[in-house]
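Colleague: Provide a 3D model corresponding to the input given below.
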Amino acid sequence: MVALSKVADVKLVERPGVITREDARRRLAILINVRGRDTEGFVREAEAKLKSEVKPVGGVYWEFGGQFENLQRARERLTLVVPAALGLILLLIYAGFGSFRQAALVFTCVPLAAIGGVLALWLRGMPFTISAGIGFIAVSGIAVLNGIMLMSFINQLRAEGRPLRLAVVDGTVTRLRPKLITALVASLGFVPMALSTGPGAEVQQPLATVVIGGIFTSTALTLLLLPVLYDWVEARFSSSPTPTTTQP
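Modeller: Have a look, this model is predicted:
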């Protein structure tokens with residue numbers, strides 16, 4: 001029988017419980033929960049401080065993963081999805097009206113909606129996230145739908161024989177109530193998401209905020225700006241003569 005103290009030094013020390021490896025390299029993970037600011041801004045600041053204050057030796061290097069890695073991958077996908085979605089929207093508008101000029105007029109609703117989404121994020125102090133990007137795509141579709149509804153009715157009035165200016169004014173006034181109802185239904189449905197604080201709120205809040213802000217500006221500016229642009233463009237570039245008489 002030999003005492004353990006004669007063959008070993010026994011003491012309590014702090015050591016890693018598990019040594020993980022990746023690509024034949026030791027890997028140590030540091031978990032960080034970022035709150036109150038955007039993930040990308042935090043990573044950029046952390047990268048700058050690490051490069052200026054830490055001198056890695058012996059093949060040591062660092063990289064950021066988790067939500068930041070997912071953000072980069074999602075951004076790469078969005079660079080393909082967003083142009084494809086907007087291009088498809090423009091193609092469908094052109095197929096519906098048969099005129100690239102009028103399709104471009106309806107497509108002006110997209111930047112009008114984007115303005116509201118950006119302002120809403122800024123007012124609430126929220127950073128741009130992937131869910132906010134999805135919200136921009138959703139609100140673009142809603143804004144284009146409202147523009148199509150207005151312009152289709154104006155074209156219908158012109159086909160019935162009304163003069164251009166009268167068709168624009170009557171069409172805008174007649175479609176005022178349906179557009180407001182559509183905007184209210186769509187925006188009010190996203191209010192619970194915009195005010196949510198439970199699990200998943202970090203995904204729901206930016207998306208709902210963009211949609212609500214985009215609907216507000218697109219509805220207001222579509223009713224004011226789109227009829228003016230329609231009257232100006234059609235009066236100068238329309239190949240068909242403008243009717244001069246009004247049918248009862």
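
Colleague: give the rounded mean pLDDT of stretch 56-74.
Modeller: Here stretch 56-74 scores 80 as its mean pLDDT.

Colleague: tell me which residues of it come out buried.
Modeller: The neighbour-count check on stretch 56-74 (16 or more other Cβ atoms under 10 Å) flags Phe64, Gln67, Phe68, Leu71, Ala74 as buried. Backbone N, C-alpha and C define where each C-beta goes, glycine included.

Colleague: now stretch 161-179
Modeller: So, applying 16+ other Cβ under 10 Å, buried residues of stretch 161-179: Arg162, Leu164, Ala167, Val168, Val169, Gly171, Thr172, Arg175, Lys179.

Colleague: now stretch 121-132
Modeller: Buried residues in stretch 121-132 (16+ other Cβ under 10 Å): Leu121, Met126, Phe128, Thr129, Ile130, Ser131, Ala132.

Colleague: where does pLDDT dip in this structure?
Modeller: 36, 238-248 (pLDDT under 70).

Colleague: show me where it has strands.
Modeller: 20-22, 25-27 (DSSP state E).

Colleague: so which elements touch the last one?
Modeller: It refers to strand 25-27. Packing contacts for strand 25-27, counted by 3 or more Cβ pairs under 8 Å, 6 or more residues apart in numbering; DSSP states H and E, involve strand 20-22.

Colleague: what's the answer for the first one, then?
Modeller: Other helices and strands packing on strand 20-22, by 3+ Cβ pairs under 8 Å, 6+ apart, are strand 25-27.

Colleague: could you rerun that using 7 Å?
Modeller: In terms of contacts (3 or more Cβ pairs under 7 Å, 6 or more residues apart in numbering; DSSP states H and E), strand 20-22 is not packed against any helix or strand.

Colleague: would you mind measuring from Ala84 to Trp62?
Modeller: 35 Å (Cβ to Cβ, to the nearest Å).

Colleague: picking that back up, can I get the buried residues of stretch 121-132 in JSON lines including distance to Leu226?
Modeller: Shown next, in JSON lines, are the buried residues of stretch 121-132 (distance: Cβ to Cβ, whole Å):
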{"residue": "Leu121", "distance to Leu226": "24"}
{"residue": "Met126", "distance to Leu226": "28"}
{"residue": "Phe128", "distance to Leu226": "27"}
{"residue": "Thr129", "distance to Leu226": "30"}
{"residue": "Ile130", "distance to Leu226": "30"}
{"residue": "Ser131", "distance to Leu226": "28"}
{"residue": "Ala132", "distance to Leu226": "25"}
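
Colleague: neighbours of Ala24, how many?
Modeller: Close neighbours of Ala24, defined as other Cβ atoms under 10 Å, add up to 5.

Colleague: do the same with the one 3 residues further on
Modeller: Other residues lying near Arg27 total 9 when counted by other Cβ under 10 Å.

Colleague: quick one: it from Val43, how far?
Modeller: From Arg27 to Val43 the distance is 19 Å (Cβ to Cβ).

Colleague: what's the answer for Phe190, then?
Modeller: 29 Å.

Colleague: now do Glu53
Modeller: Relative to Val43, and taking Cβ to Cβ, Glu53 is found at 16 Å.

Colleague: cool, Ser52 as well?
Modeller: Ser52 is 15 Å from Val43, by Cβ to Cβ.

Colleague: looking at these two, which is more packed in?
Modeller: The neighbour comparison of Ser52 against Val43 (other Cβ under 10 Å) goes to Val43, with 19 against 8.
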